[in-house]
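Sequence first, predicted coordinates after that:
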Amino acid sequence: ETGYQRRVRESTNIMMLRRSASPAACSNKSFLNCGNRHFTSKPKLLEKALLNGKWVDSISRKTYEVFNPATGQVLGTVPNMGKEDTKAAIQAASDAFKTWKKKTAKERSNNLKALSQLLRENKTSLAQIITLECGKPIKEADAEIAAGANYVEWFAEEGLRVYGDVISSPFPTRRILTVKQPIGVAALITPWNFPHQMIARKVAAALAVGCSVVVKPAEDTPFSALALGELIERAGVPHGVYNVVTSSRENAPHIGEEMATNETVRALSFTGSTPVGKHLMKLASSTVKKVSLELGGNAPFIVFEDADIPSAVNGCISSKFRNAGQTCVCTNRIYVHEKVYDQFAAQFVEKVKAFVQGDPLKEEVNLGPIINSRAIQKVHSHVTDAVQKGGKLLVGGNINPNLGGNFYSATVIGDAKEEMVVSREETFGPMALLYKFKTEEEVVRLANNTQFGLAGYFYTRDLARAWRVAEALEYGMVGINDGLITTEVAPFGGIKESGIGREGSKYGVDEFTEIKYISMGGISESS
């Protein structure tokens, strides 16, 4: 047994502690009245799906294995569900919605505040689950749990501020007003790269306004969604409001089809690839349900000649290599003005060479593995294509010879060209390409030369340029002298083929509400 295997075993044992309270222990109690005993134990590595408050197997009794990307070892098994299981989960959510929507905003807020506290108090175990199932370095996993708790807390408060309007009527005998109501059952399909935060962000917004949900986590990372389910139950949320269906990659299309076409589901929220998002959008049109999509990106990072170079280097490192480059808003193309190109490249490569890659459970490690062999193959194909088309390999370019498996070395390639595949496709790995540019007009054109429009970044000290470029970039989110832009208070989402709708911020609840117009007539002056 290697040192890393022992750490995996010990961490798993920690997460197998028994629950200290029944799921319904806090039902119908306010946040302040839930005793501390409900906040003391840590979540298990659960191997059942969650339907209507019960931990269940699939109808077929089939399971599939979940692997640790750092070791290749099996972490556990979960139910391999299909269409019939999904129908049952949707029905459970529909039944629960009838009562959950009638709770006051304050009651729902109290449940979410309890959940945010549970997340913070169980951060260590929840972060370990993330690291074990997706390979994210433990410090980044800690930050993800903190971010998830922040989203839950934000929407606990934002749910109290879902306001309608009173509209001046053009008719003396009528009064006009609008109210916002929960849309109904929401189906949420989430990716593996943020197995906790993506779910928390969607779920908190939906629950805050009175919706119930069915969650389909990525096949590689189901345990974070299941652990969240246990804590949601402990927070006093009624059975059936939060349901989780798990499945292998092979069964996922059947679950997605049921979610998109089932008439009971009134909102579909998906984070993932653009091709899958387009497919789900087509399917959802059959029942004209509300769809929100957070899809692929191809983020540019621009360094102008007047930029603070050390600051730009640090910002680019954070944006590019967080989670080994496996984030939807991660930098994919780095454009550096020719006057500062050499200076930036030298400092950037020096930082990359200092990365510590290895056991992601160790505090000093800041670069973990790629999620699976398919992802490794894609990253290496992009590296090979770039080198073959004239790119200069400055560091990395191969599987880490000391670690093997899914560990790909942090890679930087200079003298990048627009004909390289990475100029058009999202790499989703620890590969950085450096392009030279001469003028502002040129780099804005190059940055916008993509069908994607999720996030873009640039560094400059020129205030006028900051406004010009921010307004010219065709992206839903723009970071000016900032490489880490995500926060619960700001709207997260893209334009063009990077999606529709927004998550987080005050706008996040809009994806799960409908506006109803009410006209009250027969109002006359007293006789």
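Thanks, I have the structure now.

so where do the helices sit in the stretch 401-527 of the chain?
440-448, 463-472 (DSSP state H, counting those that start in this stretch).

Can you say which of those is packed in most?
Highest mean neighbour count of those: helix 440-448, a mean of 17 (counted as mean count of other Cβ atoms under 10 Å). From N, CA and C alone the C-beta is placed, and that goes for glycine too.

what is the mean pLDDT for it?
Mean pLDDT, helix 440-448: 98.

re earlier: distance to Ile500 for the helices of the stretch 401-527 of the chain - can I get that in JSON lines?
Putting these into JSON lines (distance: least, Cβ to Cβ, whole Å) gives the following:
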{"stretch": "helix 440-448", "distance to Ile500": "19"}
{"stretch": "helix 463-472", "distance to Ile500": "21"}
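
can you tell which of those helices is closest to Lys516?
helix 463-472 (35.5 Å; Cβ to Cβ).

angle of the closest one against helix 440-448?
In terms of direction (axes from the mean of the first three to the mean of the last three Cα atoms, to 10 degrees), helix 463-472 departs from helix 440-448 by 30 degrees.

Wait, a strand at Phe171?
No: secondary structure assignment (DSSP: H, G, I helix; E, B strand; the rest coil) places Phe171 in coil, not in a strand.

what's it in contact with, if anything?
By Cβ atoms under 8 Å, 6 or more residues apart in numbering, the contact list for Phe171 reads Gly521.

separation between it and Thr246?
54 Å (Cβ to Cβ, to the nearest Å).

cool, Leu226 as well?
From Leu226 over to Thr246 (counting by Cβ to Cβ), the distance is 8 Å.

And Thr384, by the same measure?
For Thr384 relative to Thr246 (Cβ to Cβ), the value is 35 Å.

what ranges of this structure fall below the confidence cut-off?
Applying pLDDT under 70 to the chain flags the ranges 1-44, 527.

Kindly format the C-alpha coordinates of whichever helix in it runs longest as CSV.
Criterion DSSP state H: the longest helix present in the chain is helix 138-158. In CSV, the C-alpha atoms belonging to helix 138-158 read as follows (Å, rounded to 0.1, in the frame of the first residue of the first chain):
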residue,chain,number,x,y,z
ILE,A,138,-7.3,19.9,-1.5
LYS,A,139,-6.9,23.7,-1.1
GLU,A,140,-8.9,24.3,-4.2
ALA,A,141,-11.5,21.8,-3.0
ASP,A,142,-11.7,23.7,0.3
ALA,A,143,-12.3,26.9,-1.6
GLU,A,144,-15.1,25.2,-3.7
ILE,A,145,-17.0,24.2,-0.5
ALA,A,146,-16.7,27.7,0.8
ALA,A,147,-18.0,29.1,-2.5
GLY,A,148,-20.9,26.6,-2.4
ALA,A,149,-21.8,27.7,1.1
ASN,A,150,-21.6,31.4,0.0
TYR,A,151,-24.1,30.7,-2.9
VAL,A,152,-26.5,28.9,-0.6
GLU,A,153,-26.3,31.8,1.9
TRP,A,154,-26.7,34.3,-0.9
PHE,A,155,-29.9,32.7,-2.2
ALA,A,156,-31.2,32.2,1.3
GLU,A,157,-31.3,36.0,1.5
GLU,A,158,-32.2,36.7,-2.2
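
how far is it from where the chain is centred?
Computed by Cα atoms, centre = their mean, to the nearest Å, the chain-centroid distance of helix 138-158 equals 11 Å.

Between Thr384 and Thr246, which is the more surrounded one?
Thr246 (31 against 13; other Cβ atoms under 10 Å).

Could you report the distance from the more buried one to Ile145?
For Thr246, the distance to Ile145 equals 21 Å [Cβ to Cβ].

List the contacts of stretch 222-233.
15, 19, 23-24, 43-46, 48-50, 53, 66, 75-76, 78, 115, 118-119, 122, 125-126, 129-130, 132-133, 190, 195-196, 199-200, 203, 215, 217, 239, 241-242, 244, 246.

Report the buried members of the residues you listed.
Neighbour-count burial (16 or more other Cβ atoms under 10 Å) applied to these gives 15, 19, 23, 43-46, 48-50, 53, 66, 75-76, 78, 115, 118-119, 122, 125-126, 129-130, 132-133, 190, 195-196, 199-200, 203, 215, 217, 239, 241-242, 244, 246.

what's the helix or strand for Leu132?
helix 123-134 (DSSP states H and E).

Just give the closest residue to Leu283, not the sequence neighbours.
Spatial nearest neighbour of Leu283, chain neighbours left out: Ala260 (3.6 Å); criterion: Cβ to Cβ, 6 or more residues apart in numbering.

That neighbour reaches Leu280, doesn't it?
Yes: the criterion here is Cβ atoms under 8 Å, and Ala260 meets it with Leu280 at 5.1 Å.

Please give me every residue in contact with Trp100.
Contacts of Trp100 (Cβ under 8 Å, 6+ apart): 108, 207, 210-212, 238, 241.

can you do 7 Å?
Applying Cβ atoms under 7 Å, 6 or more residues apart in numbering to Trp100 gives the contacts 210, 212, 238, 241.

What strand or helix carries the residue most central in space within the chain?
Closest to where the C-alpha atoms of the chain average out (Cα atoms, centre = their mean) is Met198, at 3.0 Å. Applying DSSP H and E as the criterion places Met198 in helix 197-209.

neighbouring strands for the following helix or strand past that helix, and are they parallel or not?
Counting by DSSP H and E, the next helix or strand C-terminal to helix 197-209 is strand 212-216. According to DSSP bridges, strand 212-216 forms sheet pairs with strand 185-189 (parallel), strand 242-244 (parallel).

one step back: for the helix holding Leu132, the distance to its chain's centre please.
Helix 123-134 has its C-alpha centroid displaced from the chain centroid by 15 Å (Cα atoms, centre = their mean).

Likewise for stretch 295-303?
Relative to the chain's own centre, stretch 295-303 is displaced by 17 Å; criterion: Cα atoms, centre = their mean.

And stretch 183-193, by the same measure?
10 Å.

So what would you say the end-to-end distance of it is?
This stretch, stretch 183-193, spans 28 Å end to end (Cα to Cα, to the nearest Å).

Pull out the buried residues from that stretch.
In stretch 183-193, counting by 16+ other Cβ under 10 Å, buried: 183-193.

So of the residues you listed, which two are at opposite extremes in space?
Gly184 and Asn193 (28.5 Å).

Thank you, goodbye.
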